[in-house]
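*Asks:* Can you look at this prediction? I've put the sequence above it.
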Amino acid sequence: MKNLDLPLSGHDVTALRLGESVLLNGRMFTARDDAHMHLLKLDEEPPVDFRGSAVFHCGPIMRRTDDGWAVVAAGPTTSFRMNGLEPEFIERFGVRAIVGKGGMSKETVDAMKEHGCVYLALTGGAAVIAAKGIQKVNGVHLQELGMAEAVWDLQVKEFGPLTVAIDAHGNSLYDEIDLKVKSKLPFIKGKLGID
Amino acid sequence: MDEETLEDAIVALLRRSVIELPGDVLWKLNKALDSETNDVARVQLDTIINNIELARELGRPMCQDTGIHIFFLKLPRGFGLPVESIIERAVRRGTEEIPLRPNAVDPISRKNSGDNVGEHMPYIAYEFHDQEYVEVTAFPKGAGSENMTALKMLTPAQGMRGIKEFILDTVLRAGGKPCPPTIVGVGIGGSSDLCLKLAKMALLRPLDAPNPDPVLESLEKELEEALNELGIGPMGLGGRTTVLGVHLLKAACHTASLPVAVNLQCWAARRATLRAYPDGRIDHL
């Protein structure tokens, strides 16, 4: 399995192949619906530097400790809710990887191709495995949005396994699966007697 | 049975429900892994199974989306305790102690209550039975799968064909979003609201228990096989396992109606049941 160090370069991401398994190391940030909306409205620089980094679609369960926060569970959330916001987010903040589940729209796939970004699928619900890959919570921003919607600054080590599900060349594993599924439909309908 | 005993037992039940997956679900996931040859699908199922084991070992919720809190109750007639306030207190405590992610928000202001309690939430479905014990099933439901729910009021003429088309279409449109492999809960008949409730209640049946109705049992098998031919696969990344099972429940309906509802359940099909007896004894099933 390939280990990738954050921040990622343009070359790092264009070298990734569809279906490949990778692990992430370094610093990455969570952002869901509210954080995307909030950060895109800002006139000033965002509170964290997203350049070359990974955005994790995740609303974790965190526990307070004496000197900060500890991750309890941190699996991915459904990425399609961020479809309308992600192209601008990638362009404006220079993100190189999106970590989530379920895939993203054509507009996002196009933005990834244009700006050099990949989509890394993390197994949905695998929140304890994901938490195991988070070494440390560096901090939290936009905490007023609530635990799930805040931007969590995470230090990760061998975070994954992640599957390259959208590459930086405009290819999407979800589109490939979708085509295969559609081609099987007549057969399945026949089987169910509803053709 | 006093209030404190039942409250403590329900906190323990909630804890178990979010940390330990029922044995029948784990059994079916392992069976699915054995049948997959595709590498990406195997990685997904392997990660799911490792995650389940690690969650149990560490005593942590298996998924960060610990859901909205739904309870199915079977009460002895004349049950005297204020069970709805006991459950509310247990949910507040569970949110702190387990911990659970605070998910309950007001639908208009989107303000989060912080303790998973809000108007009509936790949602409690009541039933009476002729036993001396109260049976409580905790059924925390995540949004990824719940958001894929669909109801259709078919015409009677659309019949079985319409039912099959609607189930196929719902699973197809959901794709990888509800965290497949899913369990497909289907309600057929009733009124619109009852139909949706049946779809959810169908998910309470273990995966290794056959449908007691032979007609529905054979329809379930036919649908499960067909849906797994779709190739959506674990997490929508392709593979042989799109569903772990299809569960049907039916109710009588109006002669002019044919409601069908589909409620999908993610692989983290969490449910846990206890029985509390009058003498204070608690059985965790």
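*Replies:* It's in.

*Asks:* quick one, phi psi at the residue nearest the centre of chain B?
*Replies:* The centroid of chain B falls nearest to residue B:203 when counting by C-alpha atoms, centre = their mean (4.8 Å). Dihedral angles of residue B:203 (phi, psi; degrees, to the nearest 10) stand at phi -80, psi -10.

*Asks:* And the helices in chain A?
*Replies:* Assigned by DSSP state H, chain A shows helices spanning A:10-14, A:33-41, A:86-93, A:106-115, A:127-132, A:173-191.

*Asks:* ok, now the stretch 101-250 of chain B?
*Replies:* Listed in chain order, the helices of the stretch 101-250 of chain B (DSSP state H, counting those that start in this stretch) span B:143-146, B:159-174, B:192-201, B:214-228.

*Asks:* picking that back up, quick check: the residue nearest to the centre of chain B touching residue B:270?
*Replies:* No. Residue B:203 is beyond contact range of residue B:270, at 10.1 Å (criterion: C-beta atoms under 8 Å). C-beta coordinates here come from the backbone N, C-alpha and C atoms, glycine included.

*Asks:* what's the overlap in contacts for these two?
*Replies:* Both residue B:203 and residue B:270 are in contact with residue B:139, where contact means C-beta atoms under 8 Å, 6 or more residues apart in numbering or on different chains.

*Asks:* ok, and which of the helices of chain A has the densest surroundings?
*Replies:* helix A:127-132 (a mean of 26; mean count of other C-beta atoms under 10 Å in any protein chain shown).

*Asks:* Export that one to PDB, keeping only CA atoms.
*Replies:* Provided in PDB are the C-alpha atoms of helix A:127-132 (Å, rounded to 0.1, in the frame of the first residue of the first chain):
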ATOM      1  CA  ALA A 127     -15.000   5.100  12.400                       C
ATOM      2  CA  VAL A 128     -12.800   3.300  14.900                       C
ATOM      3  CA  ILE A 129     -10.300   2.200  12.200                       C
ATOM      4  CA  ALA A 130     -10.300   5.800  11.000                       C
ATOM      5  CA  ALA A 131      -9.800   7.100  14.600                       C
ATOM      6  CA  LYS A 132      -6.800   4.700  14.900                       C
END
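
*Asks:* Can you give the distance of that helix from its chain's centre?
*Replies:* Put simply, helix A:127-132 sits 15 Å off its chain's centre (C-alpha atoms, centre = their mean, to the nearest Å).

*Asks:* Now look at it and say if it contacts chain B.
*Replies:* Yes. Using C-beta under 8 Å from any C-beta of the partner chain, a contact is recorded between helix A:127-132 and chain B, made by A:127-129, A:131-132.

*Asks:* Mind giving me the packing neighbours of that helix?
*Replies:* Applying 3 or more C-beta pairs under 8 Å, 6 or more residues apart in numbering or on different chains; DSSP states H and E, one finds that helix A:127-132 makes contact with strand A:68-73, helix B:39-58.

*Asks:* can you list the residues that contact that helix?
*Replies:* Against helix A:127-132 from outside (C-beta under 8 Å, 6+ apart): A:58, A:60-61, A:71-76, A:122-123, A:159, B:47, B:50-51, B:54-55, B:58, B:60-65.

*Asks:* 6 Å - rerun?
*Replies:* A:71, A:73-75, B:47, B:50-51, B:54-55, B:60, B:63-64 (C-beta atoms under 6 Å, 6 or more residues apart in numbering or on different chains).

*Asks:* which stretches of chain A have low pLDDT?
*Replies:* Along chain A, segments meeting pLDDT under 70 are nowhere present.

*Asks:* need the residues of it near chain B, please.
*Replies:* A:19, A:60-61, A:72-75, A:78, A:102, A:123-129, A:146, A:161, A:163, A:173, A:177, A:180-181, A:188, A:191-192, A:194 (C-beta under 6 Å from any C-beta of the partner chain).

*Asks:* Which positions in the stretch 51-200 of chain B make contact with chain A?
*Replies:* So far as C-beta under 6 Å from any C-beta goes, the stretch 51-200 of chain B lies against chain A at B:51, B:54-55, B:60-61, B:63-64, B:101, B:112, B:144, B:161, B:164-165, B:176-177, B:179.

*Asks:* Farthest pair within those residues?
*Replies:* B:60 and B:161 (45.5 Å; C-beta to C-beta).

*Asks:* And the buried ones among the residues of the stretch 51-200 of chain B next to chain A, selectable in PyMOL?
*Replies:* Entered in PyMOL, the line below selects the buried ones among those, by 16 or more other C-beta atoms under 10 Å in any protein chain shown:
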select buried, chain B and resi 51+54+55+60+61+63+64+101+112+144+164+165+176+177+179
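
*Asks:* which one of the residues of the stretch 51-200 of chain B next to chain A sits closest to residue B:36?
*Replies:* Closest to residue B:36, out of all of those and judged by C-beta to C-beta, is residue B:176, at 15.3 Å.

*Asks:* isn't the closest one right up against residue B:235?
*Replies:* Yes. Residue B:176 lies in contact with residue B:235 (C-beta atoms under 6 Å); the separation is 5.3 Å.

*Asks:* Next, the contact list for residue B:94, please.
*Replies:* B:11, B:14, B:100.

*Asks:* Next one: it relative to residue B:51, how far apart?
*Replies:* To residue B:51, residue B:94 is 21 Å away according to C-beta to C-beta, to the nearest Å.

*Asks:* Kindly report the same for residue B:18.
*Replies:* In terms of C-beta to C-beta, residue B:18 sits 13 Å off from residue B:51.

*Asks:* what about residue 123, how many neighbours?
*Replies:* I'll assume chain A. Applying other C-beta atoms under 10 Å in any protein chain shown, we find 28 residues neighbouring residue A:123.

*Asks:* should've been chain B
*Replies:* 14.

*Asks:* bridging residues for it?
*Replies:* residue B:70 (DSSP bridges).

*Asks:* Residue A:69 too?
*Replies:* residue A:64.

*Asks:* Other residues contacting the longest strand along chain A?
*Replies:* Assignment by DSSP state E gives strand A:151-166 as the longest strand of chain A. Contacts to strand A:151-166, defined as C-beta under 6 Å, 6+ apart, come from residues A:16, A:18, A:20-25, A:27-31, A:35, A:48, A:109, A:112, A:118-122, A:133-136, A:138-142, A:172-173, B:40, B:43.

*Asks:* And it, what's buried?
*Replies:* Buried-residue list, strand A:151-166, by 16+ other C-beta under 10 Å: A:151-154, A:156, A:159-166.

*Asks:* Thanks a lot, see you next time.
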